[in-house]
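Participant: structure for this input, please:
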Amino acid sequence: MSSICVAGGTGQVGREVVRLALAAGHRVSVFSRHVPPVGSASHHNGATYFGGDVTTGEGLAAAVAGADVVIDCLEGQFGRAQKQFADGGARLLAAAHANGVPRAVMLSIINCDLSGFPYYVSKADKERKYARAPLETVVVRATQFHSLVAGVFAAGSRVGLIPVFKGVDFQTISPADVAAVLLEEALADSLPSQHHLRTVGGPEVLSMRALAGSWKAVTGARGLILTVPLPGSMGAFLRSGHNLAPEKALGAETFVSWLEKRRESL
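Facilitator: This next block holds a predicted model:
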């Protein structure tokens, strides 16, 4: 049995890590900005929750104390959280090192260092903090989640148009599959190097139009599937195929099987 601290353990991947770790019999502490109420979807009985703020370091020492490994699922998509994302990672690593934690594992995005999109840039900046850390680190880069494209389709369907980006394929993956990889790396007996990078992708590479058709079929949503250009750095990134890693395909939860499990909530 290991003691695992999951930073960002209330998000879509973090709570899957917590669930899997508890099911395997490990001790789990969770660090998040807000402690979720008992009975909520983000709260798991058996885990110990610590509230705090990674941008200031508040609460970090208490959360990582006694941990054998830290799994970093923190997000910072907007505003101050994005600007402070890399520095927050450095604070988490410093707290882990100061408390004798030998390893930290970070969730990141495939080829984030090849994009000028600000959110991806912040991920790449944080990866560099991990590469310079004084403890063992693993960065797990994942392809986009099933929920990302499902969210795009759902937003468009509200006005009767389901957008698909011209010339774009996706290799979407489920949060549960990514969580399993994070936990695997956290508990590995040894690493191939002090600072290790691993890329994982979903089980299928599909055009965005094919994904939209599946989304409509499973959800029963109405709307015209419309091909649209995606300008800017994100459009260039996706059209180049930097979001794909077919040689790193992992997991059995396809986009359709993920949708079917969540049919009632979509």
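
Participant: so in the chain, where's the weakest helix or strand by average pLDDT?
Facilitator: The weakest-scoring helix or strand in the chain, judged by mean pLDDT, DSSP states H and E, is helix 79-83 (a mean of 73).

Participant: which positions in it come out as buried?
Facilitator: 81-82 (16 or more other C-beta atoms under 10 Å). Every C-beta, even on glycine, is put in place using the N, C-alpha and C of the backbone.

Participant: so after that helix, what's the next helix or strand?
Facilitator: Following helix 79-83 in sequence order, the next helix or strand is helix 85-98 (DSSP states H and E).

Participant: any idea of the mean pLDDT in that next one?
Facilitator: Averaged across helix 85-98, pLDDT comes to 94.

Participant: and stretch 221-238, by the same measure?
Facilitator: With pLDDT averaged residue by residue, stretch 221-238 scores 94.

Participant: how far does it sit from the chain's center?
Facilitator: Mean-position distance between stretch 221-238 and its chain equals 22 Å (C-alpha atoms, centre = their mean, to the nearest Å).

Participant: extract the C-alpha trace of it and format it as CSV.
Facilitator: Output in CSV follows, covering the C-alpha atoms of stretch 221-238 (Å, rounded to 0.1, in the frame of the first residue of the first chain):
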residue,chain,number,x,y,z
ALA,A,221,-29.4,15.4,-30.9
ARG,A,222,-30.6,17.4,-33.8
GLY,A,223,-28.5,19.7,-35.9
LEU,A,224,-26.7,20.1,-39.3
ILE,A,225,-23.1,18.9,-39.3
LEU,A,226,-21.2,21.8,-40.8
THR,A,227,-17.6,21.9,-41.8
VAL,A,228,-15.9,25.1,-40.6
PRO,A,229,-12.3,26.4,-40.7
LEU,A,230,-10.4,26.7,-37.4
PRO,A,231,-8.0,29.6,-37.7
GLY,A,232,-5.1,30.5,-35.5
SER,A,233,-2.4,28.5,-33.7
MET,A,234,-4.9,25.8,-32.5
GLY,A,235,-6.2,25.2,-36.0
ALA,A,236,-2.6,24.9,-37.4
PHE,A,237,-1.7,22.5,-34.5
LEU,A,238,-4.7,20.2,-35.2
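
Participant: so who does the nearest residue to Ala95 once chain neighbours are set aside touch?
Facilitator: Leaving aside its sequence neighbours, Ala95 sits nearest to Leu60 (C-beta to C-beta, 6 or more residues apart in numbering; 3.9 Å). By C-beta atoms under 8 Å, 6 or more residues apart in numbering, the contact set of Leu60 is 31, 52, 54, 91-92, 95.

Participant: need the outlier residue of this protein, farthest from its centre.
Facilitator: The C-alpha centroid of the chain is most remote from Leu224, which lies 30.2 Å away (C-alpha atoms, centre = their mean).

Participant: I'd say it and Ile162 touch.
Facilitator: Yes. Leu224 is within contact range of Ile162, at 6.8 Å (criterion: C-beta atoms under 8 Å).

Participant: re the thing from before, identify, from the contacts of Leu60, the entry nearest to Ser257.
Facilitator: Nearest to Ser257, judged by C-beta to C-beta, of the contacts of Leu60 is Phe31 at 31.1 Å.

Participant: make sure that closest one is indeed in a strand.
Facilitator: Yes. Phe31: assigned to a strand according to DSSP: H, G, I helix; E, B strand; the rest coil.
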